[in-house]
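**Student:** next come a sequence and a model predicted from it.
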Amino acid sequence: MDGKGNSNMSNKSVNSGEEADVRKGPWTMEEDLILVNYIGNHGEGVWNSLARSAGLKRTGKSCRLRWLNYLRPDLRRGNITAQEQLLIMELQARWGNRWSKIARQMPGRTDNEIKNYWRTRIQKRVKQSDSPQFQNAILIDEANSSTSQTHIADAGIVQPSLLDEPTIMNTDGIEPQFFIDFNDNFWTFEELWSM
DNA sequence: AAAACCCGCAACCGCCATCGC
DNA sequence: AGCGATGGCGGTTGCGGGTTT
C-alpha cells in the first residue's frame, strides 16, 4: 500500500456528539477496498452520504481526500520528472501557491503531491538562498509571469531554488547561463526540456 | 549499535465559497 | 436574506523510514 504500515497503525477515533466513533488517521487496506468498491459501483460525489452508505466510519472529507490523493485509478505514480519539475516551477511562479490549479495542468498528479514536492524539494532551497542572482531571478520571473509556458527556458532565467549552491556557473558576465541540479548532474533548461 | 536528527508524505485542520432549502 | 450542509483549497502536523553522528 503506501509503505507506511498503515494496516496496524494506531488509528484514532473521536466522539463528537452525534457523529460517534469517527475514525481518523491512516487508512487501512480494508477501508481502501470498501471505498474503491463503493465508488466503482456508485460513483463519486456527496461524500458524507457516500461515507455513511459505504459503511465507512470516516468523514466525507476524509473519503474525498483519500480517493483524490491516493485511490483514483488515473493517478500517476513515481517520481516527478524533470519536465514536471520545470512545469511546477513555471506554474508556481505564474500563479503562486494555487496547487489545485497547477495540478489540473498535470494529469495524474494531485495538488497535495505537488504542494509537498514544492515545499520539501524546492522551497527549502529557496530559503537557503539569498544571493543577488536569486533575487534577480525572482524579479525577472514575476515580470514575465504572463508570458508563454516556456519563458523561463527562453529567457535563460535561473530558478535558484533548484541549485544546490546559488552560484552562476559561467563567469562571462554578459549572458549568464544557469543550470539545474538534477540527478547529480547540472543541466540547462533546454536540455531538461528536451529529455 | 544506537541515539539523534532529517526528510518525505499521507492525512488533518481551518477557512471560504457555493448551493439548496 | 439567512442558514446549514457540502465541497474545495492551502497550510500544517505527525509518523515512519532513512541518514548521520
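**Tutor:** It's in.

**Student:** measure the closest residue to A:Glu113 other than its chain neighbours to A:Ser100 for me?
**Tutor:** Ranked by Cβ to Cβ, 6 or more residues apart in numbering and with sequence neighbours excluded, the top spatial neighbour of A:Glu113 is A:Asn69, at 7.2 Å. C-beta coordinates here come from the backbone N, C-alpha and C atoms, glycine included. Taking Cβ to Cβ, to the nearest Å as the measure, A:Asn69 falls 12 Å from A:Ser100.

**Student:** next one: A:Leu50
**Tutor:** 21 Å.

**Student:** ditto for A:Arg66
**Tutor:** For A:Arg66, the distance to A:Ser100 - Cβ to Cβ - is 17 Å.

**Student:** more crowded one of the two?
**Tutor:** A:Arg66 (19 against 12; other Cβ atoms under 10 Å).

**Student:** ends of stretch A:85-105, how far apart?
**Tutor:** 12 Å (Cα to Cα, to the nearest Å).

**Student:** one more: stretch A:71-82?
**Tutor:** Start-to-end span of stretch A:71-82 (Cα to Cα) is 25 Å.

**Student:** do stretch A:106-121 as well
**Tutor:** OK, stretch A:106-121 end separation, Cα to Cα: 18 Å.

**Student:** ok, now stretch A:105-119?
**Tutor:** OK, stretch A:105-119 end separation, Cα to Cα: 19 Å.

**Student:** could you give the average pLDDT over it?
**Tutor:** Average pLDDT, stretch A:105-119: 89.

**Student:** mind listing residues that contact it?
**Tutor:** For stretch A:105-119, contacts defined as Cβ atoms under 8 Å, 6 or more residues apart in numbering pick out A:65, A:68-69, A:74-76, A:80, A:84, A:87-88, A:91-92, A:97, A:99-100, A:102-103.
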